[in-house]
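>>> one predicted model, sequence on top.
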Amino acid sequence: MDYLLQQLINGVTLGAVYGLIAIGYTMVYGIIGMINFAHGDIYMIGAFISLIGLLLVGVLGITYVPLALLLVLVLAVLFTAVYGWAVERLAYRPLRGSVKLAPLISAIGMSIVLQNYVQLAQGARVKPLQPIIRGGFDLSSANADYHVTLSYLQIIIVLLTVALMAGFTAVIKATPLGRAQRATEQDMTMASLLGIDVDRVISTTFVIGASLAAVAGLIVTLYYGVIDFYIGFVAGIKAFTAAVLGGIGSLPGAILGGLLIGLIEALWSGYFSIEYKDVAAFGVLVMVLIFRPTGLLGKPEIEKV
Amino acid sequence: MNAETGQPLLTVEHLSMRFGGLFAVNDLSFAANRREITAIIGPNGAGKTTVFNCLTGFYKPTVGRLTLSPPSGARFLLERIDGFRIAKEAGVARTFQNIRLFAGMSVLENLMVAQHNRLMRASVYSLAGLLGLAGYRAAERRALDLARHWLDRMGLLAQADQTAGSLPYGLQRRLEIARAMCTEPAMLCLDEPAAGLNPRESQELSRLLLDIRGEFGIGILLIEHDMSVVMQISDHLVVLDHGALIAQGPPARVSNDPAVIRAYLGTEEDEALPPEVAGDLVAVPHSIPSAGQPPC
């Protein structure tokens, strides 16, 4: 029982990270109907900027941990957002209105560029980081020999994710920006005929996605303590899977999908084999796509006549 | 004429739009005034919608100048402004022959989205909106009031929270006009607003357009095949055929113009006229000589 509880805690934490990245995929897909294949690498950039930021606050001698983390968070979000904006500007905007596959390829190109750039600039070796937030609660039942821990960091991760998701759901639902995003999603030309700067709305979407990926990058840097230039690839594919599983284009779907993928991975690794956890995650994706092609919360696409 | 500036609201000069070897619009010049309804008519394929597409930035004209002079005193050369700025800055709003609502959004949201730019400014790109600042809330209230005004006027209040796509056809047409009006345009371009409406709905539409013309002092450009609507409400007619201007002026004069009659009814040689075209013209209250009379 204790063991299961521990796996659930780990799974939810992991799922929160996937969910944060998946939002970036799902929002971009929602608005321009294309997958941003560079998004995983944006998350990797976020992790690296977080690491640099952490070193920076160390050098500056800011030792009060909450302040230091807040500074790093702001720094990571700002710089990663610039990367997200640049990806849209370079790989998507010039190709708007061309063949649908073209931006997809250019996004894969951006992904390769970003990976190699970080590899060159930061080296190919794994970057370790000492744990910054230690400690947690011991949830094990009395006289058990297995210790269940819920670390403070896990609590922070889940709370932060929930807060961000609630915040962005509110943005989409009730602000002019969110309305413009939904309008652009439905009919880009009509939105621009109403005076909406569609290019800017799309840029903003990329920037929001990148900001959330930056938060995920910081979280992962703190949580696992190791990053390298290649983490974006697998995390990106997992998050993409999460977005598809939940129903791509749907914000709650991305969160649900992230949680499911996280839980499946944690439980599978806990009870079966760690080596095959990806098989489990993608196997579930295959099953869902066979029986529910629109994902769990996705709406079937209505053919425009 | 525009009383404030002594200039027409819209001046189209030598507009040509060429697709390969085809001139969809060929050397078209006309002017449209504020507080007037200018109807662009002509047989199918005459280039009417192409004119709208040039005005709203869909197409860059091959040749020509499109000047919009709203009462503010500003001047916009529409052929040089890109897409969304034509709506945002110059204030040109448009509806479509095949209705283009945001079908998945609610009726109210369709009208709110049309006020995007004002709300974006007030909300400092949504930041103030999230924090619920007073300035933004006031702006949002104004936007809601305007939306509600149009809902009320179009008889859509009860449907405000329905998705736009679920409305019956006639109401969708009205909602599209309401949405265009919520952008507070200087010029309203309506592409066949009466298409698919029954006679009673067409009557209501005519009254609505006359009201809008009187109340907001904007210019209305109208493409319409329903001649009873056109003759009843338009102040100025622009007749196109094969992309070229063949006549313009007040409806009474234009409907007697030999070139117009020829375009619509054919010359004496082609006796067989398409019945729906003939029907359109015969239904017109103003006198049009019968097809048998020599056209010129």
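Right, received. Where do you want to start? These figures come from a predicted structure and were not determined experimentally.
>>> ranges for the helices of the chain?
You didn't pick a chain, so chain A it is. A:2-32, A:39-60, A:65-87, A:101-122, A:152-174, A:176-186, A:188-193, A:198-224, A:231-246, A:251-271, A:277-291 (DSSP state H).
>>> try chain B instead
With DSSP H as the criterion, chain B has helices at B:48-55, B:83-85, B:107-113, B:116-123, B:127-131, B:134-153, B:169-182, B:199-216, B:227-233, B:251-254, B:258-265, B:275-282.
>>> close to chain A: what parts of the stretch 1-150 of chain B are there?
Selection of the stretch 1-150 of chain B residues close to chain A by C-beta under 8 Å from any C-beta of the partner chain yields B:56, B:58, B:83-85, B:87-89, B:93-94, B:100, B:102-105, B:109, B:112-114, B:116-117, B:119-120, B:123, B:125-126, B:129-130. For the C-beta atoms, the positions are set from N, CA and C on the backbone; glycine is no exception.
>>> and with 6 Å instead?
Residues of the stretch 1-150 of chain B lying close to chain A by C-beta under 6 Å from any C-beta of the partner chain are B:83-84, B:87-88, B:94, B:100, B:102, B:104, B:112-114, B:116-117, B:119-120, B:123, B:126, B:129.
>>> what's the burial count for B:Arg179?
Using other C-beta atoms under 10 Å in any protein chain shown, the number of residues around B:Arg179 comes to 26.
>>> would you agree it is in contact with B:Glu109?
No: look at B:Arg179 against B:Glu109 with C-beta atoms under 6 Å: they stay out of range, at 10.1 Å.
>>> mutual contacts of these two, please.
Shared contacts of B:Arg179 and B:Glu109 (C-beta atoms under 6 Å, 6 or more residues apart in numbering or on different chains): none.
>>> show the pLDDT at whatever residue of the stretch 51-200 of chain A ends up closest to chain B.
Here the residue of the stretch 51-200 of chain A nearest chain B is A:Gly195; by C-beta to the nearest C-beta that distance is 3.4 Å. Note on A:Gly195: pLDDT of 90.
>>> residue contacts, it?
B:84, B:87-88, B:117, B:183.
>>> give the residue spans of the chain that score low on pLDDT.
All of this refers to chain A. A:141-144, A:300-305 (pLDDT under 70).
>>> let me rephrase: I mean chain B.
B:1-6, B:123-134, B:265-296.
>>> walk me through the domains of it.
What automatic domain parsing lists as the domains of chain B is B:1-91+B:186-296, B:104-184.
>>> what residues does chain A put near chain B?
A:175-177, A:179-180, A:183, A:186-187, A:190, A:192-197.
>>> now do the same contact list for A:Ala102.
Counting by C-beta under 6 Å, 6+ apart, A:Ala102 makes contact with A:Leu95.
>>> ok, now how distant is it from B:Asp27?
Distance, A:Ala102 to B:Asp27, by C-beta to C-beta, to the nearest Å: 37 Å.
>>> over to A:Ser111?
Per C-beta to C-beta, A:Ser111 is found 51 Å from B:Asp27.
>>> more crowded one of those two?
Taking neighbours as other C-beta under 10 Å, A:Ser111 and B:Asp27 compare with A:Ser111 leading, 23 against 14.
>>> residue contacts, that one?
Applying C-beta under 6 Å, 6+ apart, one finds that A:Ser111 lies in contact with A:37-38, A:41.
>>> in TSV, list the residues you listed along with neighbour count and distance to A:Ala16.
Listed next are the contacts of A:Ser111 as TSV, based on neighbours: other C-beta atoms under 10 Å in any protein chain shown; distance: C-beta to C-beta, whole Å:
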residue	neighbour count	distance to A:Ala16
A:Phe37	23	23
A:Ala38	32	22
A:Asp41	30	20
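>>> closest one of these to chain B?
Proximity of the contacts of A:Ser111 to chain B (C-beta to the nearest C-beta) peaks at A:Ala38, which lies at 24.2 Å.
>>> how many other residues sit next to B:Arg200?
Per other C-beta under 10 Å, the neighbour tally for B:Arg200 reads 9.
>>> distance of it from B:Ala194?
12 Å.
>>> now do A:Pro103
40 Å.
>>> which parts of the stretch 151-296 of chain B sit against chain A?
Counting by C-beta under 6 Å from any C-beta, the stretch 151-296 of chain B sits next to chain A at B:Thr183.
>>> go again with 8 Å.
Residues of the stretch 151-296 of chain B that fall close to chain A, judged by C-beta under 8 Å from any C-beta: B:179, B:183.
>>> smallest gap between the stretch 151-296 of chain B and chain A, at which residue?
Counting by C-beta to the nearest C-beta, the stretch 151-296 of chain B gets nearest chain A through B:Thr183, at 5.8 Å.
>>> residue contacts, that residue?
By C-beta atoms under 8 Å, 6 or more residues apart in numbering or on different chains, B:Thr183 lies in contact with A:194-195, B:87, B:91, B:93, B:114-115.
>>> ok, now with 10 Å
With contacts defined as C-beta atoms under 10 Å, 6 or more residues apart in numbering or on different chains, B:Thr183 is in contact with A:193-195, B:87-88, B:91-94, B:111, B:113-118.
>>> phi, psi for it please.
Recorded main-chain torsions at B:Thr183 are phi -80, psi 0, according to degrees, to the nearest 10.
>>> and the residue of the stretch 201-305 of chain A at minimum distance from chain B, how far from A:Ala180?
Closest contact between the stretch 201-305 of chain A and chain B, by C-beta to the nearest C-beta, is at A:Thr204 (7.9 Å). For A:Thr204, the distance to A:Ala180 (C-beta to C-beta) stands at 9 Å.
>>> with B:Asp191 instead?
B:Asp191 is 24 Å from A:Ala180, by C-beta to C-beta.
>>> verify the stated contact: the residue of the stretch 201-305 of chain A closest to chain B with A:Ile172.
No: assessed by C-beta atoms under 10 Å, A:Thr204 is found out of contact with A:Ile172, at 11.6 Å.
>>> between the two, which has more neighbouring residues?
Counted by other C-beta under 10 Å, A:Thr204 and A:Ile172 do not tie: A:Thr204 has more neighbours, with 22 against 17.
>>> setting aside sequence neighbours, what's the nearest residue to the more buried one?
Counting by C-beta to C-beta, 6 or more residues apart in numbering or on different chains, A:Thr204 lies nearest to A:Leu177, which is 6.5 Å off, once chain neighbours are set aside.
>>> wait, the one you found touches B:Leu119, no?
Yes: judged on C-beta under 10 Å, A:Leu177 makes contact with B:Leu119 at a distance of 9.1 Å.
>>> neighbours around the closest residue to A:Pro252 other than its chain neighbours, how many?
Sequence neighbours aside, A:Leu297 is the residue nearest to A:Pro252 in space, at 5.8 Å (criterion: C-beta to C-beta, 6+ apart). Neighbour count for A:Leu297, taken as other C-beta under 10 Å: 19.
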